[in-house]
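Colleague: Need a 3D model of the following:
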Amino acid sequence: MTTRSGRHEFRARCRVSTRLALIVGCASTWACATQTFAQGEFPTRPIRFIVPFTPGGASDIQARLIGQSLSPTYGQNILIDNRPGAGTVLATEIAMRTPPDGHTWLFVTTAFVISPSLRQVNYDPTKDFAPLIWLSSSPNMLIANAAFPANSIQELIRLARSKPDHITYASAGAGTAAHVSIELLQTMTGIKLTHVPYKGIAQAMVDLMAGQINLLVTSPVAALPIVKQGKAKALSVGGAKRSPAAPDVPTIGEQGVPGYEASAFQGIVLVAGTPRPLVARIHRDIDGTARAPGVRDRLAEDGSEYVGGSPEAFARHIDTERAKWAKVVRASGAKAD
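Modeller: Numbers count the residues shown, from 1 in each chain. Next up is the predicted model:
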């Protein structure tokens, strides 16, 4: 007959065995990743490139450009895995649970550092990921329905002050750079707009052209086609300087809001624990690909400026952006809609 103390001892042994198994499993995963790279076998299978937005947007286009350009060098496919939702949190948490062996890449934008200030998340941008490369920086563009009465930022401000919370603006999701860039504008000017978050930019553009929403914040590459067709009009860009893709569109700072600057960053991170030599290797491969004339020129055509730099420089930028946007979220009272 088993005594009560015996049962407690048995359960304790089971708990210890489970913990040891988890520890050994984690150590084995890291060891396998290190050993595989040490033997020069990378990549050993197709690379999964997780993109936290729907197909067709600026992030998706950049990821596919890098993947298609680098795939022949690796002799392996780089498979784009679009996982939109929850202000990029869904994709980020999926990536966090993958082995640190370099075969899973996560495309990140400014939302990567904004979302933890807006909602409860199960990851830390600094501790749970290894910055790989800062791909580009690009200003968001604020566009309006073609029939919208305002044609400039000052006209928008006057209209919004006369009708608080009446004017709607769309973004690709709560917690994205587009969302919080307007929160910054509201804080600096005292206006109140109503945010309408979408899971992707495609449906938002359809609704903008149909007059279902008034304004849309998105990338120049997504905005300019419908602007050129006369189905929408550009009010401003959010960067410190005009976009090369739209040199005739003034910045918000130029239009009477001095000091306003809200550019988005795009980059790639790996899971924390990825061996440093492997991080350096992949960084070198992507940097070489992105600097090729065809790739770099395509980024410029889409209104993005290639940055590059070291993983350490990207880590510092992530820290700076995280502090900047956390302050904006606190000041504006922005919420994850």
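
Colleague: what does stretch 59-70 contact?
Modeller: With Cβ atoms under 8 Å, 6 or more residues apart in numbering as the contact definition, stretch 59-70 has outside contacts at 47, 49, 51-54, 78-80, 82, 107, 109, 135-136, 221, 266, 268, 285-286, 289-290, 292, 294-295, 298-299, 302, 304. (C-beta placed from N, C-alpha, C; glycine too.)

Colleague: give me that answer again for 6 Å
Modeller: 49, 51, 53, 78, 80, 107, 109, 266, 289, 295, 298 (Cβ atoms under 6 Å, 6 or more residues apart in numbering).

Colleague: In strands, which of these fall?
Modeller: Judged by DSSP state E, those include 49, 51, 78, 80, 107, 109, 266 as members of strands.

Colleague: quick one: which two of those are the most distant?
Modeller: Farthest-apart pair in the ones in strands among the contacts of stretch 59-70 is 78 and 109; separation 18.6 Å (Cβ to Cβ).

Colleague: neighbour-wise, which of the two wins?
Modeller: Neighbours per residue, other Cβ atoms under 10 Å: of residue 78 and residue 109, the larger number sits with residue 109, 26 against 19.

Colleague: for the more buried one, which residues make a bridge with it?
Modeller: residue 266 (DSSP bridges).

Colleague: what sits against it?
Modeller: 59, 264, 266 are the contacts of residue 109 under Cβ under 6 Å, 6+ apart.

Colleague: what about the first one, which SS state?
Modeller: The three-state assignment at residue 59 reads helix, by DSSP: H, G, I helix; E, B strand; the rest coil.

Colleague: Distance of the residue nearest to it when sequence neighbours are not counted relative to residue 147?
Modeller: Sequence neighbours aside, residue 53 is the residue nearest to residue 59 in space, at 4.7 Å (criterion: Cβ to Cβ, 6 or more residues apart in numbering). The gap separating residue 53 from residue 147 is 28 Å, by Cβ to Cβ, to the nearest Å.

Colleague: Look at the two and report which has more neighbours.
Modeller: residue 53 (26 against 9).

Colleague: does that one really touch residue 84, like I thought?
Modeller: Yes. Using Cβ atoms under 6 Å, residue 53 is in contact with residue 84, at 5.3 Å.

Colleague: what pairs with the lengthiest strand in the chain, and is each one parallel or antiparallel?
Modeller: Across the chain, the longest stretch assigned as strand under DSSP E is strand 129-139. Using DSSP bridges, strand 129-139 pairs in its sheet with strand 263-271 (antiparallel), strand 305-308 (antiparallel).

Colleague: Tell me which residues are up against it.
Modeller: 237-239, 243, 263-270, 272, 274, 279, 283, 286, 299, 303-307, 309, 311, 314-315, 317.

Colleague: Now find how far off-centre it is within its chain.
Modeller: The gap between where strand 129-139 is centred and where its chain is centred comes out at 9 Å by Cα atoms, centre = their mean, to the nearest Å.

Colleague: what's the most buried one of the strands paired with strand 129-139?
Modeller: strand 263-271 (a mean of 24; mean count of other Cβ atoms under 10 Å).

Colleague: who's in contact with it?
Modeller: 62, 98, 100, 105-110, 129-140, 177, 239, 314.

Colleague: Next one: the one residue sitting closest to the centre of the chain from residue 138, what distance?
Modeller: Centroid-nearest residue in the chain: residue 109, 2.1 Å away (criterion: Cα atoms, centre = their mean). Using Cβ to Cβ, we find residue 109 at a distance of 10 Å from residue 138.
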